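[1] Would you be able to build a 3D model of this:
(2 chains)
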Amino acid sequence: MDPSQGGGDLIGFGGGQGPILFGGGTLTGAINRLKTFSTKNINCIKDLMAVGLTSSQIQLDANTVSMVNALAKPGALRAMEPNADFAIVETEMVPTIAYNSNNFWQTSFGDLLGTLVHEYAHLANPGSSSGTDQGLIGALGITGATNSSAISQKLGKDCFSGAKP
Amino acid sequence: MRILRWLSLAIVSGLGATFCIQSAPQQKASTVTLRVLDSFGKPQSDCHLREFVLLDEGRGRDYLDHFTGTVGRDIPYGLTYRAHVKCADQRAGGTFLVSVGRSDEFLVLASWLNLGDYVTGPEARLTVAVRPTQETELTNGAWIKLVGAYVDRTEVDKINSESHTARFYHVVPGKYLMMLFIGDRVICTKQIEFVAASANLELTISGQSCNMASQTGVKLADQ
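    Sure thing, here's the model as predicted:
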């Protein structure tokens, strides 16, 4: 940490190269968008088939998956990696995704929608190797991925390109 | 007489001051020093504290303005905080739950450099197979404990008496101390670097020591 710096600003790093700082309600807006999701984009349909999802399953997940704000629940925060954006909470009785908006790296609304679908893909493949990051990366034909964010970015690009909050 | 009166006044004032000091609330403020590393111990540069929010009583109060760089002063102690650190490398830093429990608190905030989540499925991320030179060495209850050298994480598993393996499901890439226990004895301690799931490590036990025989996805850090 740079000792000369105190708190720092509220916007991302690198003169706009960093993550968008989503306003309150943006995540809710993304989930609402997915509640009525459908697509005719062939690349998106291929992606969804590859990761075991359908439009109707995405709609169902958006309507039923419990979303937990980890910044407001220390137990959920403790269960997540310090720098994770979203994580499946396996200890809950109902499908649950915890999120930490401090760690949102997404640079567009499409990235955020793609990230939610990425998490739904994990939920769609419980207890199988096809539901792991490596499984999803392989199914989507992504090469050279160094982070699981590549899954979210591909889904965002193929299914939600140009989407606005 | 005047001297006695002054002396009495001085004694009463002194006692009053003493009682005042005794009845005044104790200062419960801490100086907090932060160190930001990755999970392998590499210092992270160009990082900034974004919040240092109290989670207990007075919930929600942000002590960010008490910090200059890595050092925060007059931070109430005996309490839990949420520290959010952002670094130029987006993968570093993160949000940490920390406790401030002493007047001079040193906190290591370490995370694995990763963007997104880390889902590796139902299989163990690290499997340690133990090969004793005498079969009886593992019958007395044997177990392995992993302790994060930098990340705030520990995980324990017993060594299965049939497969002679211990499995770890929650470790993330980073440096760990691995301790092998048999009964109440520490047989050996190794520094390892867990690189990626699914990793396998084989240990051979010989008397009071052990050696790493083979490995994938993990390496010995102290050799």
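
[2] Find the nearest non-adjacent residue to residue 94, please.
    Just so you know, I chose chain A. Take A:Val94 and drop its neighbours on the chain: the residue closest to it by CB to CB, 6 or more residues apart in numbering or on different chains is A:Ser66, 5.5 Å away. C-betas here are computed from N, CA, C, even on glycine.

[3] that answer is for a different chain, and I need it for chain B
    A:Pro82 (3.0 Å).

[4] Specify the beta-bridge partners of the residue nearest to A:Val94.
    For A:Ser66, the beta-bridge partners under DSSP bridges are A:Thr96.

[5] Now do the end-to-end distance for stretch A:33-52.
    20 Å (CA to CA, to the nearest Å).

[6] For it, which outside residues touch it?
    A:54-55, A:58-59, A:61-63, A:113, A:116-117, A:121, A:124-125, A:130-131, A:136, A:139-141, A:154-155, A:158-159, A:163 (CB atoms under 8 Å, 6 or more residues apart in numbering or on different chains).

[7] Can you show me the helices along chain A?
    A:26-35, A:42-50, A:55-64, A:74-79, A:109-124, A:133-139, A:149-160 (DSSP state H).

[8] just flag whichever of those has the lowest average confidence.
    Sorting the helices of chain A by mean pLDDT places helix A:74-79 lowest, at a mean of 91.

[9] For that helix, which helices and strands make contact with it?
    Packing contacts for helix A:74-79, counted by 3 or more CB pairs under 8 Å, 6 or more residues apart in numbering or on different chains; DSSP states H and E, involve strand A:96-99, strand B:79-87, strand B:94-100.

[10] Just give me the residue right at the centre of the chain.
    Picking chain A for this. When CA atoms, centre = their mean is applied to chain A, the residue found nearest the centroid is A:Thr115 (2.1 Å).

[11] you looked at the wrong chain, it should be chain B
    Closest to where the C-alpha atoms of chain B average out (CA atoms, centre = their mean) is B:Asp152, at 3.4 Å.

[12] Measure how buried B:Pro122 is and give me the count.
    When neighbours are counted by other CB atoms under 10 Å in any protein chain shown, B:Pro122 registers 12.

[13] how near is it to B:Asn200?
    Remark: distance between B:Pro122 and B:Asn200 (CB to CB, to the nearest Å) = 16 Å.

[14] next one: B:Gly141
    Counting by CB to CB, the gap from B:Gly141 to B:Asn200 is 23 Å.

[15] Between the two, tell me which one has more neighbours.
    Ranked by neighbour count (other CB under 10 Å), B:Gly141 and B:Asn200 place B:Asn200 first, with 15 against 12.

[16] ok, now which ones touch the more buried one?
    B:126-129, B:214-218.

[17] Now restrict those residues to buried residues only.
    Neighbour counting by 16 or more other CB atoms under 10 Å in any protein chain shown classes B:126-129, B:215, B:217-218 among these as buried.
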